[in-house]
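Visitor: need a structure here:
(chains A, B, C and D)
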Number of protein chains: 2
Amino acid sequence: MAVTIIDVAKKAGVSPSTVSRVISGSSRISTETTERIRTIMEELGYVPNSIAKSLVSKTTNSIGLVLPKPAEELFLNHFFSELIRGILTQCSRSEIDLMMTTGATEREEVDAVSRLVRGRKVDGILLLYSRKEDPTIEFLQKQDFPFVLVGRSNYETPIYTVDTDNRQAAYDATRHLIDQGHKRIGFVSGPPNLVVSEDRCAGYTQALESAEIALHPEWIVEGDFLQESGYRAMSLIMSQPERPTAFVVIDDMVAFGVLRGLTELGIRVPQDISLVGFNNIAVAELTSPPLTSIDIGIYELGYTASQLLHKIVKGEPTPQNRLIIPHRLVVRESSLFRIG
Amino acid sequence: MAVTIIDVAKKAGVSPSTVSRVISGSSRISTETTERIRTIMEELGYVPNSIAKSLVSKTTNSIGLVLPKPAEELFLNHFFSELIRGILTQCSRSEIDLMMTTGATEREEVDAVSRLVRGRKVDGILLLYSRKEDPTIEFLQKQDFPFVLVGRSNYETPIYTVDTDNRQAAYDATRHLIDQGHKRIGFVSGPPNLVVSEDRCAGYTQALESAEIALHPEWIVEGDFLQESGYRAMSLIMSQPERPTAFVVIDDMVAFGVLRGLTELGIRVPQDISLVGFNNIAVAELTSPPLTSIDIGIYELGYTASQLLHKIVKGEPTPQNRLIIPHRLVVRESSLFRIG
DNA sequence: TTGAAAGCGCTAACAA
DNA sequence: TTGTTAGCGCTTTCAA
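Guide: The predicted model follows:
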């Protein structure tokens, strides 16, 4: 059997509460006993039972991370790993445990979160990505359970979010192409039910408008975050009579698919078609040509979100509801061609 | 306040133990009361408090995943995401929660694991990667705590592991190059303290030996799992008077670095230098030229390891101590050039 | 088939 | 500064 607080108390000739106070660093304990009890804990190899502690304190010192259901898809993408890395680093620094769940369907996802939340296994929830209608968010709101969303929400009620200004980012990407002389610019989008797709599309549209360039709806194609999606988008758009000379692509992986498609068709990048992606993943500089991309600071997104959640959980004052992580355009060869 | 088992019991006019029996699906309960209590639980929106349950049952229904300390490095690599994806999928299917920790140093890692294990927060531990001397493994063994290692261990005592036959895999990779006519083959290795580096190097050496090709120790370079490492290895080896005509590279990301280095030097792949990597990550087919790689089934590695751990934790009979996930060579352009 | 009671290991009033 | 006591919400003997 494991050593308990009672064993320590007995050996030290004090009461369990005294030991408990030493553990929690209560000030109202003589340095002498503190010292003695510490030694005994060491000797006995005592480690507090966090479950017992949780039961009474109603806190768990862990937070839950919910991976959106198409985890396969998202994992294939670098976005996720980076995000998790940021979150994990922050958790590890603050000695907080990170619990991961996911569900194959939206329904399963809510169930899993419910188990975590109502089973009191975590103190807060970190949500990645937001769908336009998100049952998990609705559940969390109804439960009045602390959570932070990585991504923008379009719910009325104020929600803690950490996000990129995706609209501005897409604007910048599009603007960069316009500055290169492009007037015929397409947009390869992501899943239509994600807020990020919507926002980036809006930024793209806005950039065209403000440059007084006509919008070609047939040059906007929805897909997902896999390479294949970009490949498909290419065959779709390039088979049209009128073709763009540049593309803004929702994600680097998708842009790689676009690149593959174009290469197969014998279309040169950037001379015939220029390309800008999002996320600036590590391999973006390895493709030929290297890919221009918007770096959205994924790691920081995760780190900051985790930090914010901890503050909320601890009841510390939080700066504001919505944190925006800055982005920047990383120009590489795939868009380095002046047109016209 | 949350609904407790007592609330349910009161409303149903039974004792808490009866409700508890209904929850655990005990047979010795009349179908009638079972039915009634189920309804009441539903009505009240009762969810069992898993912490309280854990305290008495001494099980948590969660397992811990320990990420090796250079998590940054590993995350940049696709290896990790794939592994986690496999693990998470399996956990999610068996409704088990996954807890992640890491530590900045070995010492911190052991502390983190200790908190999890001795604080009773998890029922088992999943370890990724193994160092030659691994304090975490030693700790877990001493505690007699259930764990599964993804990777080979070179400890005497039998340990549950799920692994690739890295020696054979490296043998196959090297053999493939030999079959293409290469006689001057270098090896870009990983961190020397990892068992995987050792094993792959052994397979490489063995393949050379069995083909009666002399070993050039100066063509073996150690590094880590980052691109930069491959890049550095290149400048090191290619500045030597005698150069290889092919490389076996411990990891695809590293191979990308090698590729970049060679490209910068104006060396053509595969005509001047052929390349084989490991892991067959998604972008391997996107580089130019596409990279030949050993697919080691990372996702399956994770899935299987998680499955094995669950069996162990539940006390179910386990097939054997050491499971090997099969690998296969995926030939692409980077090694498609016959020499001599 | 059900209930009563004890206890998992800890914390937190309230007393002393 | 320290001890006593009463739970936290659940499971599990033992009895009925």
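
Visitor: Just checking, which helix or strand of chain A averages the lowest pLDDT?
Guide: helix A:71-76 (a mean of 55; mean pLDDT, DSSP states H and E).

Visitor: Near the residue nearest to A:Ile185 when sequence neighbours are not counted, how many other residues are there?
Guide: Nearest non-adjacent residue to A:Ile185, counting by C-beta to C-beta, 6 or more residues apart in numbering or on different chains: A:Ala246, 4.8 Å away. Using the backbone N, CA and C atoms, a C-beta is placed for each residue, glycine as well. Other residues near A:Ala246 come to 27 when the count uses other C-beta atoms under 10 Å in any protein chain shown.

Visitor: And A:Pro241, how close does it get to A:Trp219?
Guide: 12 Å (C-beta to C-beta, to the nearest Å).

Visitor: how close does A:Arg85 sit to DNA strand D?
Guide: 35 Å (C-beta to the nearest atom of the strand, to the nearest Å).

Visitor: Now the residue lying closest to A:Gly119 once chain neighbours are set aside: phi and psi?
Guide: Computed as C-beta to C-beta, 6+ apart, the closest residue to A:Gly119 that is not its neighbour in sequence is B:Ser50, at 3.7 Å. For B:Ser50, the backbone dihedrals (degrees, to the nearest 10) come out as phi -70, psi -30.

Visitor: cool, and A:Val188?
Guide: Torsion angles, degrees, to the nearest 10, at A:Val188: phi -100, psi 110.

Visitor: ok, now A:Leu67?
Guide: phi -90, psi 130.

Visitor: quick one: the strands in chain A?
Guide: In chain A, the segments counted as strands under DSSP state E are A:62-67, A:97-102, A:124-128, A:147-150, A:160-164, A:185-188, A:220-221, A:246-249, A:274-278, A:292-295, A:322-325, A:328-330.

Visitor: bridging residues for the residue nearest to A:Ile185?
Guide: Taking DSSP bridges as the rule, A:Ala246 bridges to A:Ile185, A:Ser274.

Visitor: Look up how far A:Phe187 lies from it.
Guide: 10 Å.

Visitor: A:Arg120 now?
Guide: 45 Å.

Visitor: List the residues that contact the closest residue to A:Lys11 other than its chain neighbours.
Guide: Excluding the flanking residues, the one nearest A:Lys11 by C-beta to C-beta, 6+ apart is A:Ile40, at 5.3 Å. Counting by C-beta atoms under 8 Å, 6 or more residues apart in numbering or on different chains, A:Ile40 touches A:8, A:11-12, A:46.

Visitor: For DNA strand C, see how far away A:Ser229 is.
Guide: 51 Å.

Visitor: from what I can see that residue touches A:Gly223, true?
Guide: Yes. Under the criterion of C-beta atoms under 8 Å, A:Ser229 makes contact with A:Gly223 at 3.3 Å.

Visitor: Give me the below-cutoff pLDDT ranges for chain A.
Guide: A:1, A:27-28, A:69-77 (pLDDT under 70).

Visitor: Close to DNA strand C: what parts of it are there?
Guide: Contact residues (C-beta under 7 Å from any atom of the strand) of chain A with DNA strand C: A:1-2, A:4-6, A:16-17, A:19-20, A:23-24, A:48-49, A:52-53, A:55-57.

Visitor: Just the buried ones among those, please.
Guide: Buried members of the residues of chain A next to DNA strand C, counted by 16 or more other C-beta atoms under 10 Å in any protein chain shown: A:4-5, A:19, A:23, A:48-49, A:52-53, A:55.

Visitor: which one among those gets closest to A:Arg115?
Guide: A:Leu55 (17.0 Å; C-beta to C-beta).

Visitor: so who does the closest one touch?
Guide: Contacts of A:Leu55 (C-beta under 8 Å, 6+ apart): B:49, B:51-52, B:55.

Visitor: coming back round to it: was I right to think the residue nearest to A:Ile185 contacts A:Ile273?
Guide: Yes. If you go by C-beta under 8 Å, A:Ala246 and A:Ile273 touch, sitting 6.3 Å apart.

Visitor: Chain neighbours aside, what residue packs nearest to the closest residue to DNA strand D within the stretch 151-300 of chain A?
Guide: Going by C-beta to the nearest atom of the strand, DNA strand D is nearest to A:Tyr160 of the stretch 151-300 of chain A, at 25.9 Å. Spatial nearest neighbour of A:Tyr160, chain neighbours left out: A:Val148 (4.6 Å); criterion: C-beta to C-beta, 6+ apart.

Visitor: Next: A:Ile37.
Guide: A:Val22 (4.6 Å).

Visitor: which residues touch that neighbour?
Guide: Residues near A:Val22 by C-beta under 8 Å, 6+ apart: A:29, A:33-34, A:37-38, A:41.

Visitor: out of those, which touch DNA strand D?
Guide: Within those, those near DNA strand D by C-beta under 7 Å from any atom of the strand are A:29, A:33-34.

Visitor: Just the buried ones among these, please.
Guide: A:29, A:33-34.

Visitor: returning to that earlier point: now list the buried members of the contacts of A:Ile40.
Guide: So, by 16+ other C-beta under 10 Å, the buried ones in the contacts of A:Ile40 are A:8, A:11-12, A:46.

Visitor: out of these, who's nearest B:Leu286?
Guide: A:Tyr46 (53.6 Å).

Visitor: what sits against the closest residue to the closest one other than its chain neighbours?
Guide: Among residues not flanking A:Tyr46 along the chain, A:Val3 sits closest, at 4.5 Å (C-beta to C-beta, 6+ apart). Going by C-beta under 8 Å, 6+ apart, A:Val3 touches A:44-47.

Visitor: mind running it again at 7 Å?
Guide: A:44-46 (C-beta atoms under 7 Å, 6 or more residues apart in numbering or on different chains).

Visitor: just those residues now: which is nearest DNA strand C?
Guide: Nearest to DNA strand C among those, with distances taken as C-beta to the nearest atom of the strand, is A:Tyr46, at 7.0 Å.

Visitor: That closest one against A:Ala9, yeah?
Guide: No. Contact criterion C-beta atoms under 7 Å: A:Tyr46 and A:Ala9 do not qualify, at 10.3 Å.

Visitor: didn't A:Phe337 look like it was pressed against A:Leu275?
Guide: No. Applying C-beta under 7 Å, one finds A:Phe337 not in contact with A:Leu275, separated by 10.3 Å.

Visitor: higher neighbour count, the two?
Guide: A:Leu275 (28 against 19).

Visitor: From what I see, the more buried one and A:Pro289 are in contact.
Guide: No. A:Leu275 lies out of contact with A:Pro289 (C-beta under 7 Å); the separation is 8.5 Å.

Visitor: Determine the residues that are contacts of both of those two.
Guide: What both A:Leu275 and A:Pro289 touch, as defined by C-beta under 7 Å, 6+ apart, is the set A:269, A:334.

Visitor: related to what we said a few turns ago, neighbour-wise, which of A:Arg120 and A:Phe187 wins?
Guide: A:Phe187 (29 against 19).

Visitor: List the contacts of the more buried one.
Guide: A:201, A:204, A:219-220, A:247-248.

Visitor: again, only using 8 Å
Guide: So A:Phe187 contacts A:200-201, A:204, A:219-221, A:247-250 (C-beta under 8 Å, 6+ apart).

Visitor: Go back to those and keep what's next to chain B.
Guide: Among these, no residue lies close to chain B (C-beta under 8 Å from any C-beta of the partner chain).

Visitor: now, which of those sits nearest chain B?
Guide: Ranked by distance to chain B (C-beta to the nearest C-beta), the contacts of A:Phe187 are led by A:Val249 at 14.1 Å.
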